[in-house]
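Enquirer: Generate coordinates for the sequence data below:
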Amino acid sequence: MKKTKQINYSKARKLYLKNLRKDKIIVLIGQFALLAIFIGLWQLLADTGAIDPFFFSSPSRIVATIIDLGKTGNLWIHIWTSLYETIIGFIIATVIGSLIAIALWWSERLRKIMEPYLIILNSLPKIALGPMIIFWVGSGTGATIVMCILICVILTTISMLNAFISCDNDKILLMKSMHANKFQILFKLILPNSLPAFISVLKINVGMSWVGTIMGEYLSSKAGLGYLINYGSQILKLDIVMASITLLCILAAGMYFLVSPLEKKFKR
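Expert: You can find the predicted model right below:
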């Protein structure tokens, strides 16, 4: 049988680890307590009439609406549609944006040519391109995914390019002095050095991809949480709107917590 190697920490180290675990528990309890207080206060204000449930809904009405939508079976179609569109747009935008950033890092001349256009495209309200997107790819899922990509790809490109450029120039010169070619510099230095920035981009893109999906579904969609939000506002049923927003928050949080552990892994 293999013997497990035991690490003997000093008292100071043990105390530090204990306090670290304690802080994590306190933060976690605080997060859940804040959410519980918010939900409880919201329900109390709605029950006492301090706020009008018609305009602000309430946690109990949101839960009841989600249950009712679930019974019809359509809710899962809406959830899956939005989740599918978001994940596809998230992946494509991250890959394309990273590849463009690599190309711009590779060629300084190309970077100087494209830099003002990237800034202009980043500042352009993507919703303004909505009618053009519908003409280009049609309505429905395709238009929503394209909108999601447009929201995320420029941000990914700029963030990753800044990470590539900010790499220590002395390290690059050292590799060049050892006759490293550009491929070796990219894969041995630039990309590993940019991993923390890449994880940050993933975390940002989680939120931005959902923004793109909801915007796309607002424009042209017959399914999805964005469609439900639009539909609920049109028929003046704000419970449907709030239920859709609640589900949107849950799904976005789920994607975030899937990406978040990567940050801890690459920090080790």
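Enquirer: Next one: the residue nearest the centre of the chain relative to F198, how far apart?
Expert: What sits nearest the mean C-alpha location of the chain, by Cα atoms, centre = their mean, is V206, with 0.9 Å. Between V206 and F198 the distance, using Cβ to Cβ, to the nearest Å, works out to 13 Å. Where you see a C-beta, it was placed from the backbone N, CA and C, and this is true even at glycine.
Enquirer: and I102, what does it touch?
Expert: Residues near I102 by Cβ atoms under 8 Å, 6 or more residues apart in numbering: 160, 164, 186.
Enquirer: Next up, phi/psi of P125, please.
Expert: Here is the backbone geometry of P125 (degrees, to the nearest 10): phi -60, psi 120.
Enquirer: Quick one: name whatever helix or strand follows the longest helix along the chain.
Expert: Secondary structure of the chain read by DSSP state H shows that its longest helix is helix 11-48. From helix 11-48 onward toward the C-terminus, using DSSP states H and E, the following helix or strand is helix 53-56.
Enquirer: Next SSE downstream of that next one?
Expert: helix 59-72.
Enquirer: Hey, what's the angle from that following helix to helix 11-48? Just curious.
Expert: Angle, helix 59-72 to helix 11-48, by axes from the mean of the first three to the mean of the last three Cα atoms, to 10 degrees: 90 degrees.
Enquirer: got the buried residues for helix 59-72?
Expert: Within helix 59-72, the residues that count as buried by 16 or more other Cβ atoms under 10 Å are 61-62, 65-66, 69.
Enquirer: Likewise for stretch 158-170?
Expert: Using 16+ other Cβ under 10 Å as the test for burial, stretch 158-170 gives 158-161, 163-164, 167.
Enquirer: Considering those, which member attains the minimum pLDDT?
Expert: Across the set of these, C167 stands lowest in pLDDT, at 81.
Enquirer: and that residue, backbone torsions?
Expert: Here C167 shows phi and psi, under degrees, to the nearest 10, equal to phi -60, psi 140.
Enquirer: Would you mind measuring from the residue nearest to the centre of the chain to L225?
Expert: 15 Å.
Enquirer: same check, this time on G232
Expert: In terms of Cβ to Cβ, G232 sits 10 Å off from L225.
Enquirer: Quick check: neighbours shared by the two?
Expert: Shared contacts of G232 and L225 (Cβ under 8 Å, 6+ apart): S244.
Enquirer: of the two, who's got more company?
Expert: Between G232 and L225, counting by other Cβ atoms under 10 Å, L225 is the more crowded of the two (27 against 19).
Enquirer: is it true that that one touches I77?
Expert: No: counting by Cβ atoms under 8 Å, I77 is not a contact partner of L225; they are 10.8 Å apart.
Enquirer: ok, now which ones touch S233?
Expert: The contact partners of S233, taken as Cβ under 8 Å, 6+ apart, are V241.
Enquirer: Kindly report the same for D168.
Expert: So D168 contacts N193 (Cβ under 8 Å, 6+ apart).
Enquirer: got a pLDDT number for it?
Expert: For D168, the predicted pLDDT is 80.
Enquirer: try I102
Expert: 91.
Enquirer: Helix or strand next in line after the one helix or strand it maps to, which one?
Expert: Assigned by DSSP H and E, I102 belongs to helix 74-106. Toward the C-terminus, helix 74-106 is succeeded by helix 108-123 as the next helix or strand (DSSP H and E).
Enquirer: okay, the angle between that following helix and helix 74-106?
Expert: Orientation note: helix 108-123 sits at an angle of 150 degrees relative to helix 74-106 (the same axes, to 10 degrees).
Enquirer: Now do helix 108-123, average pLDDT.
Expert: Mean pLDDT, helix 108-123: 85.
Enquirer: by contact count, what packs against the helix or strand following it?
Expert: Where DSSP H and E defines the elements, the next helix or strand beyond helix 108-123 is helix 130-137. If you count contacts as 3 or more Cβ pairs under 8 Å, 6 or more residues apart in numbering; DSSP states H and E, helix 130-137 packs onto helix 141-165, helix 195-219.
Enquirer: List of residues touching helix 130-137?
Expert: Helix 130-137 is contacted from outside by 143, 146-147, 150, 215-216, 219-220, using Cβ under 8 Å, 6+ apart.
Enquirer: repeat that with 7 Å
Expert: The contact list for helix 130-137 (Cβ atoms under 7 Å, 6 or more residues apart in numbering) reads 143, 146-147, 219-220.
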